[in-house]
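A.B. asks: the following comprises the amino acid sequence and a computationally predicted model.
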Amino acid sequence: MNLVGAALVVAAVLAGCADVPLEGAPSPGTTPSHKPKPTAKPTAKPTPKPTPTPKPSSTPTSKLPAAAPVLRSFPGRLPTGKPPLFVVVSFDGAGDLALWARWRAVAKQVNARMTFFLSGPYLYPGDHRTDYKPPYHQPGASDIGWGDAATVLGRTKVLREAIAEGHEIGTHANGHFCGKTGIGRWTTAQWTAELSAFDRMVRTGPTLAAGKTVEPPFDPSTVKGMRTPCLEGNRPAYRQAMVQRGMLYDASAPGYISWPKKQNGLWDFPLESVTLAGTSKKTLTMDYNLWFAQTQARKAPLAQAPALKAQVLATYQQALAKSRASGNPPLFLGNHFNRWNNSVYSDALTDFVKQTCTQPDVRCVSNMELASWLAKYGVPSGQNRPS
């Protein structure tokens, strides 16, 4: 890794990334909107005592689906003699129900599988937010808000359906704390508590939202990967917590288009350094970073959307060509559930997936499908240098 290239990658990371606040989420200082309103007139009948909310059980009542299904296998080599060219599309946050429907439909069209890094508060109702006690913050703090009853239950349903279709659920942790007061100073013990809080939100959030027992959408102990908020955090510290849980990969660090290696006991699946098409700017294969490289993360006039989308699509195509010229190392593309900049980044990724995933040498896979292939075949010899 040359020093200039490393500096450019660091600069790209410092540009940051951001999750979309939960749609319909109550802010920490407001009363959740799903609480029932009192009736206008009292009734003559005695008011029955409210039914207490069932206490969620930490033990599932039936076998829950695994968060990281691997339902397909791929050859070690193609007829060309090269390994498959794996394209790995992943999303941070994974909350917006309309975008869930969009991306599942796109994946179905081209037989792709994707990874969705879920934020814990997306499955937890805001009126129970103080159950969460993040390091260095007040109980109930969250920079992405909390859920409400309807959206928590909607997400519970869609998560079950996505897993049944072969998609993978990873963790994006919980409160999404970035910057100087964020996750960068957390210890291994604090990360262990954060991941345990994620488990509790997945297991108990749907029941708390419904006011009756609802099965969790998946078994959180089977989550195998994480992307940290804003790609931050002390990597040895949080990776130690991940290894202790039996997790297999980290998708947080910046890197290059090259075959993955293991770092701190985990596969390092990076967001990769690429050149923004038509420029000399270096950025990462993450939608927010592309937005920052194009317009400093400011919304451009609608008339500019077609040209900006074409530039992002060309950037992805350049990266794919670079992989093909370098022995087919995987291409990792990160996105959020967003409509930023007139939906430039979601639209460009949609077009790229539809154009690319049916090409003969390409396999569009989840992170866990790639990890399974690497466990079976290993890193192709002599192919782990940055391209």
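C.D. replies: Right, received. Where do you want to start?

A.B. asks: any low-confidence regions in the stretch 251-387 of the chain?
C.D. replies: 382-387 (pLDDT under 70).

A.B. asks: how about the helices of it, start to end?
C.D. replies: With helices called from DSSP state H, counting those that start in this stretch, the stretch 251-387 of the chain shows them at 287-295, 305-324, 340-356, 367-377.

A.B. asks: so which of those helices comes closest to residue 265?
C.D. replies: helix 367-377 (13.1 Å; C-beta to C-beta). (Glycine included, C-beta is placed from N, CA and C.)

A.B. asks: so what strands line up beside the strand ranked longest in the chain?
C.D. replies: Ordering each strand of the chain by length in residues (DSSP state E) puts strand 85-93 first. In the sheet, strand 85-93 lines up against strand 115-118 (parallel), strand 331-336 (parallel), strand 362-365 (parallel) (DSSP bridges).

A.B. asks: those: which one's closest to residue 237?
C.D. replies: Residue 237 sits nearest to strand 115-118 of all those, at 18.9 Å, using C-beta to C-beta.

A.B. asks: how far out from the middle of the chain is that closest one?
C.D. replies: For strand 115-118, the separation from the chain centroid amounts to 3 Å (computed by C-alpha atoms, centre = their mean, to the nearest Å).

A.B. asks: tell me the mean pLDDT for it?
C.D. replies: What strand 115-118 shows for mean pLDDT is 98.

A.B. asks: are there helices or strands packed against the following helix or strand past that strand, and which ones?
C.D. replies: As assigned by DSSP states H and E, the chain's next helix or strand after strand 115-118 is helix 149-164. With contacts defined as 3 or more C-beta pairs under 8 Å, 6 or more residues apart in numbering; DSSP states H and E, helix 149-164 has these neighbours: helix 97-110, strand 168-171, helix 188-210.

A.B. asks: out of the ones you listed, which one sits most buried?
C.D. replies: strand 168-171 (a mean of 26; mean count of other C-beta atoms under 10 Å).

A.B. asks: with only the CA atoms kept, save that strand in CSV.
C.D. replies: What follows is strand 168-171, C-alpha atoms only, in CSV (Å, rounded to 0.1, in the frame of the first residue of the first chain):
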residue,chain,number,x,y,z
GLU,A,168,-28.1,-12.2,5.0
ILE,A,169,-28.7,-10.0,8.0
GLY,A,170,-25.6,-8.6,9.7
THR,A,171,-25.4,-6.0,12.5
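
A.B. asks: for it, packing partners?
C.D. replies: strand 115-118, helix 149-164, strand 225-226, helix 367-377.

A.B. asks: need the ones you listed in JSON lines with mean neighbour count, can you?
C.D. replies: Below are the helices and strands packed on strand 168-171 laid out as JSON lines (neighbours: other C-beta atoms under 10 Å):
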{"stretch": "strand 115-118", "mean neighbour count": "28"}
{"stretch": "helix 149-164", "mean neighbour count": "19"}
{"stretch": "strand 225-226", "mean neighbour count": "27"}
{"stretch": "helix 367-377", "mean neighbour count": "20"}
